[in-house]
Each structure stands twice: as structure tokens, then as C-alpha cells.
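*Asks:* Sequence and computational prediction follow.
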Amino acid sequence: MTTALDRAPAATVPRIVSVGTAVPPEHYSQEELLDLFGITDRRVRSVFLLGSIRQRSLVLPPAAPDGTRLRESQGDLLDKHKAWAVSMGADALQLCLKRIGADLSEVAYLCCVTSTGFLTPGLSALLIRELGMDWHTARADIVGMGCNAGLNALAVVGNWAAANPGRLAVMVCSEACSAAYTMDATMRTAVVNSLFGDGAAAVAVVADPVNDGRRPAEGAEDEEAEEEGPGRRLEGPRILRTASVTIVDAIDAMRYDWDRDQGRFSFFLDPQVPYLVGAHVEGVVDRLLAGTSLRRDDVAHWLVHSGGKKVIDAVAVNLGLTRHDLRHTITVLRDFGNVSSGSFLFSYDRLLREGVVRDGDYGVLMTMGPGSTIESALIQW
């Protein structure tokens, strides 16, 4: 099928060439977490057990001699976030590069995303030190944007790559969500504590001058396959365009603020969030596809943020998608919970490992989070 995108003039287009993910080593089922924290309230238990999450990877507070979990101060939580954001981010970044045979020295631009703790200097500087990266690596940090931030950062990284053809840019989303937990008996914290997991994801992005929009000129593959360093050609989907909406009337529906009673930061999710997402998701996708000659049925792969069972259901109903369309979103939620900004990349990783993508396929990436914001991107293999 020929679309308006295929007829566009040749240009330098960024493409996603690799992905890597990482989580802490300890995994807990929802039942285990309820038992570890001695939660007996039937309402709270139902929130944990009815959310379609089987297990999550978490860094829990240390255990007291009697087996109960110690209370962490805000300082402890900030220390946890710093340590695990760096550790998981480093693991995801190194795996991402390993999959394309790239070295840390080839990374020319590093953009880091985290919203589960405050860091100055930012995560990008900490990773450059931790991994011994080139001190001249350009960098940026995106903070405070929550679960939608991965796509905001991907747009930034893609723009940098397009302006610097052949040079390797990397985005890292690293979220120690357990460093944002407040342990009490309220339903506000029960929703958050039942949903989020710790995890990190990284993607590598490179832009190269395209000929037919996807493939190098005839006879060029062998020559480029022999090249080493960031100038070699790497395969992956092109990032074609993005679209977003910020619903300012619902700016407080998802927020991270100071809980004066607890003496720490606490995350809040309004129960209306799934309906809010459902009411606006169709308009975002229509805007994303406008002028491309594409319809929703032409999109082969939907990689949506694993925001929670009700959020996934709202997206499916309003876009007319099946459970098969959202299978990776659903299973990432089941196996990891909501890992915030990197969730959609966990789904992307599973799609690649499934081995069903064909040349020419279109995909939609979608995230949603505080603002309230829905972000989307159109990609093509």
C-alpha cells in the first residue's frame, strides 16, 4: 500500500535500532506483598488481587528481626531511587548496545528519564560516571513527566539523531517506583502500591539518509555491513511522526506531591484516569494518522503503556482493539506491573522477540501520564 508517507521526499529519518530492559532481581506476587506487609483490609486486598498483575520486581524495605518491613524515611527513599535508577539504567543501556554490537564509546548523545525521585546532577551524568563513558557525551534529563515521558524523550532523541546523521543516540528510562511508595492503610496509596514495579529500558536511535524510505541503495548493503563504528547502517523502524494532547482540565488527576501526614512524597491517581484516557485517545490517534492515508486497521502493531487493567480496557474499547492487538501491553502489566516511563519499551522488546514484524509494517507507540497527557508516535519497519 502506498501512502502519503511513502511519497514524501527522501530525508534523514531517525530509526530505533535496539532496545534493552532491566529489573531488580527480586520478584513478588501480589499475595506475597500483602502478606509481607500484613495487609488484611479487604478493600485494599481486592485492589491488589483484581488488577491483572501476577508479579512485580521491587526493591522492598529491609526486614526487621521479626520479619516485618522497616519504615523508610524520605531520605532512604531518595537513596534507593538514586542507587537503583543508576544500576537498572546501566544494565538496560549495556544490553541495548550489546544487541547491536556497539560500544559505550559510540554513544554521542544520552537522554535519561526518571520521575520516581529527584536527582541533581541528573541520571545522565551519573550514568556517564558509572559506566566510564566519554566525558564529551552530550546529554539531557527529562524529569517530572511521569509515565508518558518515554515518548517525550524519544522525540528529543530522534530530533538529535536526525540533526547528527550516523551518530548513536540513546534514551534510558529508569524508574525505581518502590522509592515512591507510602505504606499506610489508605485507598489512595493502595492503588499506587498495588500497581507500580521497578524497571528500566533503553533504546538506541540512529538516523541515516534514506533512499527508498527503508532500504539502502542496491549493492550498498555489503559495503555498509563491513563498516564499524557509528557510521555503519543499522536496521529498525523509522520514527515517522508524533502526536499528543495535554488535558489541562485534568492536570491534578495524576500527581506526585508532598504528603504532610506521612512526611514524604506520595503519588496520586484519580479513579477517573481510565475514563479520561478513553475519552481522548481516539482524537490523538486520528491526529497521528491525519494526512498519511492510513487507517487504524493499517496499523499492525500497537505498543501501549501498561498503565493498569482499566486503562488498557479503555484504550481497547475506544480504539476498537482486541486483546491480541494489546497482548504485549497486557502481559507486561501481568509480569512487571506498571514500570512507568519505560513500560511501552518492555512491550516493544517482546514484540521484537516474538519475530512477527515484517518490512513495511506500521506500529503505534502510546503512553499516558501526568499533565494529563497522552503521547503517541507512528513508526514503520
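*Replies:* Cool, got the structure.
*Asks:* tell me the contacts of Asp349?
*Replies:* Counting by C-beta atoms under 8 Å, 6 or more residues apart in numbering, Asp349 touches Val19, Gly20, Thr21, Ala201. No exception for glycine: its C-beta is placed from N, CA and C like everyone else's.
*Asks:* Which one (most neighbours) among these?
*Replies:* Ala201 (32 neighbours; other C-beta atoms under 10 Å).
*Asks:* returning to that earlier point: would you turn the contacts of Asp349 into CSV with pLDDT?
*Replies:* Listed next are the contacts of Asp349 as CSV, based on pLDDT from 0 to 100:
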residue, pLDDT
Val19, 98
Gly20, 98
Thr21, 98
Ala201, 98
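*Asks:* any idea which of those residues is the one closest to Asn148?
*Replies:* Using C-beta to C-beta, Ala201 is the member of those that lies nearest Asn148, at 14.2 Å.
*Asks:* from the contacts of Asp349, which ones fall inside strands?
*Replies:* Under the assignment DSSP state E, the contacts of Asp349 contribute Val19, Gly20, Thr21, Ala201 to strands.
*Asks:* tell me the contacts of Ala155?
*Replies:* Ile239, Thr242, Ala377.
*Asks:* which one among these gets closest to Pro61?
*Replies:* Ala377 (36.9 Å).
*Asks:* Beta-bridge partners for that closest one, please?
*Replies:* Thr242, Leu365 (DSSP bridges).
*Asks:* Isn't Ala180 up against Leu77?
*Replies:* Yes. Using C-beta atoms under 8 Å, Ala180 makes contact with Leu77 at a distance of 7.3 Å.
*Asks:* Need the residues touching each of those two.
*Replies:* With C-beta under 8 Å, 6+ apart, Ala180 and Leu77 have common neighbours Gly117, Phe265.
*Asks:* just the ones in strands among the contacts of Asp349 now: which is nearest Arg358?
*Replies:* Val19 (18.2 Å).
*Asks:* So, low pLDDT: which residues of the stretch 201-350 of the chain?
*Replies:* 209-233 (pLDDT under 70).
*Asks:* what do you get if the cut-off is 50, keeping everything else the same?
*Replies:* The stretch 201-350 of the chain contains residues with pLDDT under 50 at 212-229.
*Asks:* What segments of it are strands?
*Replies:* Assignment of strands within the stretch 201-350 of the chain using DSSP state E, counting those that start in this stretch yields the ranges 238-246, 254-259, 264-269, 299-304.
*Asks:* What is the third one packed up against?
*Replies:* Read it as strand 264-269. Packing contacts for strand 264-269, counted by 3 or more C-beta pairs under 8 Å, 6 or more residues apart in numbering; DSSP states H and E, involve helix 74-98, helix 187-195, strand 254-259.
*Asks:* Can you give me the buried ones in the shortest one?
*Replies:* Right, strand 254-259. Met254, Tyr256, Asp259 (16 or more other C-beta atoms under 10 Å).
*Asks:* quick check: angle from that strand to helix 187-195?
*Replies:* Strand 254-259 runs at 120 degrees relative to helix 187-195, counting by axes from the mean of the first three to the mean of the last three C-alpha atoms, to 10 degrees.
*Asks:* Direction included, what does strand 254-259 pair up with?
*Replies:* Strand 254-259 has these strand partners (DSSP bridges): strand 264-269 (antiparallel).
*Asks:* Count the residues that sit near Pro65.
*Replies:* With other C-beta under 10 Å as criterion, Pro65 counts 5.
*Asks:* just Leu126 next, same as before
*Replies:* Going by other C-beta under 10 Å, the residues that sit close to Leu126 add up to 20.
*Asks:* before we move on, the earlier item: mind giving me JSON lines with the contacts of Asp349 and columns for distance to Asp103?
*Replies:* Below are these laid out as JSON lines (distance: C-beta to C-beta, whole Å):
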{"residue": "Val19", "distance to Asp103": "17"}
{"residue": "Gly20", "distance to Asp103": "14"}
{"residue": "Thr21", "distance to Asp103": "20"}
{"residue": "Ala201", "distance to Asp103": "20"}
